[in-house]
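Visitor: have a look at this prediction, sequence included:
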Amino acid sequence: MRDFAAQNLLEWYDRHARDLPWRVAPTRLAQGERPDPYRVWLSEIMLQQTTVAAVKSYYERFTSLWPSVTDLANAEDADVMGEWAGLGYYARARNLLKCARVVAFEHHGVFPTTRDGLQELPGIGPYTAAAISAIAYDAPEVVVDGNVERVMARLFDIRTPLPAAKPELVEAASTLTPDMRPGDYAQAVMDLGATICTPRNPACGICPLQSPCVARSEGVQAELPKKTPKKPKPTRLGIAYVARRTDGAWLLEQRPDKGLLGGMLGWPGSEWNDAPEPLPPTDAAWQALGEEARHTFTHFHLRLRVEVALLPLDHVPTRGRFVAERDFRPSSLPTVMRKVFDLARHRFENATNP
């Protein structure tokens, strides 16, 4: 099946490849153009647990601000974290900077060309190393993301539930990876999963792999891949304190480098747990808004009670620092902190005192 699958899939990809800003189209590859490893790496890091639609605008901003890995390596941490805000999983952004600096300053701006070499870099795991190696360097690596897992589960009728099925799915994918055009092939399988072999209502009638697909022949394609039921997410509580000085400056605090939202600016607050203790950043006449900012992280739901205060010009906080109104960009805040801001700002806009 290997040669049949690769040939049919590549012929389909040559006609239907998605137009993505980080991708070199098959026609341009045929003319000798090669993908930029920096842009392949950047897109793969951004795409981890995030959709293509969400990533496009971020990718275009990043490559406009920092066209090369050396440019990114020389960027200010706060600027990069600010541009990343909204993409989530902020450990990726911290590792992005670490990796850029290793490549720029220890590898003279050149990414390693092998999967093993790539995997030694910060933030690059087995999947990302294989993807960069295949797409940027056309190495015959086995690239298996969520789309590929779905294609393989159906093609080979693998009924072991995820995540336990991952080794079996990787082994199945390895039997099909061709030596010719492996980079295009890797992207073709991903495109197939994203556009035809979709989670619901797969378009089997126009699939280039419909003939050898075992799940289709058994009529179970819509049931695969099977997944182990997820445990319910717990809910944590917290308090966010939003203070504004009479000149318009906002009181913000940089979170510790480690942990959720590490290194990001946000509103001072309490611990996030079942019964948070009040922990205001300064003595003030704090008033509760009576509304909660709600957000869902990977492993838990969060409900933040919002308290606000208006502070005099000469006020000295015990935690955090004031950011002048002209320098404050709500768009640079993590999503949960923007939700807090959206609730609090109306109190300051609509009343002299909060």
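Guide: Everything's here; your move. Residues are numbered from 1 along each chain as shown.

Visitor: contacts made by stretch 170-189 with the rest, please.
Guide: For stretch 170-189, the external contacting residues (C-beta atoms under 8 Å, 6 or more residues apart in numbering) are 1-3, 5-6, 9-10, 12-13, 17, 23, 26, 29, 35, 131, 134-144, 147-148, 151-152, 155-156, 158. Where you see a C-beta, it was placed from the backbone N, CA and C, and this is true even at glycine.

Visitor: what segments of the stretch 101-250 of the chain are strands?
Guide: Counting by DSSP state E, counting those that start in this stretch, residue ranges of the strands within the stretch 101-250 of the chain are 235-245, 250-254.

Visitor: which of the ones you listed sits closest to L311?
Guide: Of all the strands of the stretch 101-250 of the chain, the one in closest proximity to L311, counting by C-beta to C-beta, is strand 235-245 (4.9 Å).

Visitor: about what we covered before: and the strands of the stretch 101-250 of the chain: which comes nearest R338?
Guide: Among those, strand 235-245 comes nearest to R338, with 11.4 Å by C-beta to C-beta.

Visitor: count the neighbours of E168 for me.
Guide: When neighbours are defined as other C-beta atoms under 10 Å, E168 has 17 of them.

Visitor: surely it meets R159?
Guide: No - with contact taken as C-beta atoms under 8 Å, E168 and R159 are classed as non-touching, separated by 9.8 Å.

Visitor: any idea which element L302 lies in?
Guide: Using DSSP states H and E, the secondary-structure element containing L302 is strand 301-311.

Visitor: domain ranges for this protein, per the record?
Guide: Under the assignment named as automatic domain parsing, the residue ranges that make up the domains of the chain are 2-223, 235-350.

Visitor: and the shortest one, average pLDDT?
Guide: Over the span of domain 235-350, the pLDDT mean works out to 92.

Visitor: re earlier: which of the strands of the stretch 101-250 of the chain is buried the deepest?
Guide: strand 235-245 (a mean of 21; mean count of other C-beta atoms under 10 Å).

Visitor: how far off centre is that one?
Guide: In terms of C-alpha atoms, centre = their mean, to the nearest Å, the centre of strand 235-245 is found 25 Å from the chain centre.

Visitor: Three-state assignment for E83, please.
Guide: Remark: E83 carries the secondary structure label helix [criterion: DSSP: H, G, I helix; E, B strand; the rest coil].

Visitor: which residue ranges form the helices in the stretch 201-350 of the chain?
Guide: Across the stretch 201-350 of the chain, reading from the start of the chain, the helices by DSSP state H, counting those that start in this stretch fall at 214-218, 335-350.

Visitor: contacts for the first one next, please.
Guide: Contacts of helix 214-218 with the rest of the structure, by C-beta under 8 Å, 6+ apart, involve 153-157, 204, 207, 210, 221, 223-224.

Visitor: kindly recompute the last result at 6 Å.
Guide: 154, 157, 204, 210, 221, 224 (C-beta atoms under 6 Å, 6 or more residues apart in numbering).

Visitor: want to throw those residues into JSON lines with distance to R94?
Guide: Rendered in JSON lines, the data for the contacts of helix 214-218 read as follows (distance: C-beta to C-beta, whole Å):
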{"residue": "R154", "distance to R94": "36"}
{"residue": "D157", "distance to R94": "41"}
{"residue": "C204", "distance to R94": "42"}
{"residue": "Q210", "distance to R94": "43"}
{"residue": "Q221", "distance to R94": "40"}
{"residue": "L224", "distance to R94": "36"}
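
Visitor: now render the residues you listed as a markdown table, adding distance to H108, neighbour count and pLDDT.
Guide: As requested, the contacts of helix 214-218 are exported to a markdown table (distance: C-beta to C-beta, whole Å; neighbours: other C-beta atoms under 10 Å; pLDDT from 0 to 100):
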| residue | distance to H108 | neighbour count | pLDDT |
| --- | --- | --- | --- |
| R154 | 44 | 26 | 98 |
| D157 | 48 | 16 | 97 |
| C204 | 49 | 16 | 96 |
| Q210 | 48 | 18 | 95 |
| Q221 | 48 | 22 | 96 |
| L224 | 46 | 27 | 96 |
